[in-house]
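Asker: Pasting the sequence and the predicted coordinates here, then a few questions.
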Amino acid sequence: MSRIGRKPITVPSTVQINLNGSKLSVKGPKGELSRDLPAPISAAFDNGEIVVTRPDDTKRNKALHGLTRALIQNMVIGVTEGYQKTLKLVGVGYRAEVKGSVLILNVGFSHPIVFSTLPELTISSKPKENTITIEGIDKQLVGEAAAKIRAVRPPEPYKGKGIKYIDEYIKRKAGKTAGA
């Protein structure tokens with residue numbers, strides 16, 4: 001069996017699970033998420049635990065088994081604790097500003113870059129103008145939003161300027177040297 005897929009998911013008492021056929025909804029203190037389970041995979045909720053099972057040992061079902069269990073685990077964590085990604089703007093004059101539901105980035109282009117945020121996410125640029133914090137209950141949406149913002153100006157290896165994750169290490173390169 002899949003090592004990840006066979007582990008039961010413990011559900012805290014503050015979380016409500018609703019399982020109707022292949023539709024799973026998870027409701028907790030931070031919000032509610034729902035997902036359709038893939039066709040061959042089934043889940044059962046019993047005694048505060050969710051157990052994910054698969055019908056046979058085909059390669060596709062093995063992969064879906066572990067994936068489905070991980071996605072359900074992420075849903076449970078999301079509605080209880082939530083997810084957060086922090087980006088840092090490195091460069092002279094680089095700054096971010098949030099006005100209502102719009103993120104405005106000044107990252108060295110001749111014009112500001114404008115992002116309209118999703119209602120499920122909370123984006124802030126406090127306490128400093130050079131950090132962006134993205135928070136939400138859906139791990140996938142938080143990661144996608146952070147990746148799209150980072151893609152505007154990825155960090156370059158010579159001076160390290162750009163938008164990077166707060167814990168990301170940028171491998172630096174030496175610049176050109178004068179000819180002999």
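Answerer: Noted; the coordinates are in hand. Numbers count the residues shown, from 1 in each chain.
Asker: Run through the strands of the protein in chain order.
Answerer: Under the criterion DSSP state E, strands of the chain are mapped to 9-10, 16-20, 23-28, 31-36, 42-46, 49-53, 83-90, 95-99, 102-106, 113-116, 122-124, 131-136, 162-165.
Asker: Return the most buried member of those.
Answerer: Among these, strand 131-136 has the highest mean neighbour count (mean count of other C-beta atoms under 10 Å), at a mean of 20. Yep, even glycine has a C-beta here, placed from its N, CA and C like the rest.
Asker: Which strands or helices does that one pack on?
Answerer: Counting contacts by 3 or more C-beta pairs under 8 Å, 6 or more residues apart in numbering; DSSP states H and E, strand 131-136 packs against strand 83-90, strand 122-124, helix 139-152.
Asker: that older thread, including mean pLDDT and distance to residue 74, could the strands of the chain go into a markdown table?
Answerer: Below are those laid out as a markdown table (pLDDT from 0 to 100; distance: least, C-beta to C-beta, whole Å):
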| stretch | mean pLDDT | distance to residue 74 |
| --- | --- | --- |
| strand 9-10 | 94 | 10 |
| strand 16-20 | 92 | 14 |
| strand 23-28 | 94 | 10 |
| strand 31-36 | 94 | 9 |
| strand 42-46 | 91 | 14 |
| strand 49-53 | 93 | 12 |
| strand 83-90 | 95 | 8 |
| strand 95-99 | 92 | 26 |
| strand 102-106 | 93 | 24 |
| strand 113-116 | 93 | 24 |
| strand 122-124 | 92 | 18 |
| strand 131-136 | 95 | 12 |
| strand 162-165 | 95 | 19 |
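Asker: Please produce JSON lines containing these, extended by distance to residue 144.
Answerer: Converted to JSON lines, the strands of the chain look like this (distance: least, C-beta to C-beta, whole Å):
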{"stretch": "strand 9-10", "distance to residue 144": "23"}
{"stretch": "strand 16-20", "distance to residue 144": "25"}
{"stretch": "strand 23-28", "distance to residue 144": "20"}
{"stretch": "strand 31-36", "distance to residue 144": "15"}
{"stretch": "strand 42-46", "distance to residue 144": "25"}
{"stretch": "strand 49-53", "distance to residue 144": "24"}
{"stretch": "strand 83-90", "distance to residue 144": "10"}
{"stretch": "strand 95-99", "distance to residue 144": "18"}
{"stretch": "strand 102-106", "distance to residue 144": "14"}
{"stretch": "strand 113-116", "distance to residue 144": "12"}
{"stretch": "strand 122-124", "distance to residue 144": "13"}
{"stretch": "strand 131-136", "distance to residue 144": "10"}
{"stretch": "strand 162-165", "distance to residue 144": "14"}
